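*Asks:* Sharing a model that was predicted from the sequence below.
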Amino acid sequence: MGSPPICLYEVFKITLMRAGEEEALHAAGLMSFGRIIDLDRELALAAGQILVEHKLSMADAIIYGTAQENSATLWTPNEHFKDLPDVKFNEPK
């Protein structure tokens, strides 16, 4: 499966804050091996509905909506997704 560009943003941002620029660039480089899924009309509307239904942020709604629209399991350490269907929660270190 792939991910929307906002996943690259989120991983880079968090890694930059926690581990520095070198690690953030490394993480972004690893993500470049995956497929980027465009935010099209259908996904935008699904994300809007998810945002309202689950009270997620815009970024989280797009990420979760992308997984849902592609019948994928979302693996994440982000507590906002913890109790949602089709999410595998990893405790943050």
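*Replies:* Looks like it came in fine. Numbers count the residues shown, from 1 in each chain.

*Asks:* Just the CA atoms of stretch 8-19, as PDB, please.
*Replies:* Provided in PDB are the C-alpha atoms of stretch 8-19 (Å, rounded to 0.1, in the frame of the first residue of the first chain):
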ATOM      1  CA  LEU A   8       5.700  12.000   4.700                       C
ATOM      2  CA  TYR A   9       5.100  15.400   6.400                       C
ATOM      3  CA  GLU A  10       4.000  13.900   9.700                       C
ATOM      4  CA  VAL A  11       6.900  11.400   9.900                       C
ATOM      5  CA  PHE A  12       9.500  14.000   8.900                       C
ATOM      6  CA  LYS A  13       8.100  16.500  11.400                       C
ATOM      7  CA  ILE A  14       8.000  14.200  14.300                       C
ATOM      8  CA  THR A  15      11.400  12.600  13.600                       C
ATOM      9  CA  LEU A  16      12.900  16.100  13.100                       C
ATOM     10  CA  MET A  17      11.600  17.200  16.500                       C
ATOM     11  CA  ARG A  18      12.700  14.000  18.300                       C
ATOM     12  CA  ALA A  19      15.900  12.800  16.600                       C
END
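
*Asks:* which residues sit against that stretch?
*Replies:* E23, A24, L25, A27, A28, M31, I36, A59, I63 (C-beta atoms under 8 Å, 6 or more residues apart in numbering). The way it works is simple: take the backbone N, C-alpha and C, and place the C-beta from them, glycine included.

*Asks:* Beyond the host helix or strand of T15, next helix or strand please.
*Replies:* Per DSSP states H and E: T15 is located in helix 5-19. As assigned by DSSP H and E, the chain's next helix or strand after helix 5-19 is helix 21-31.
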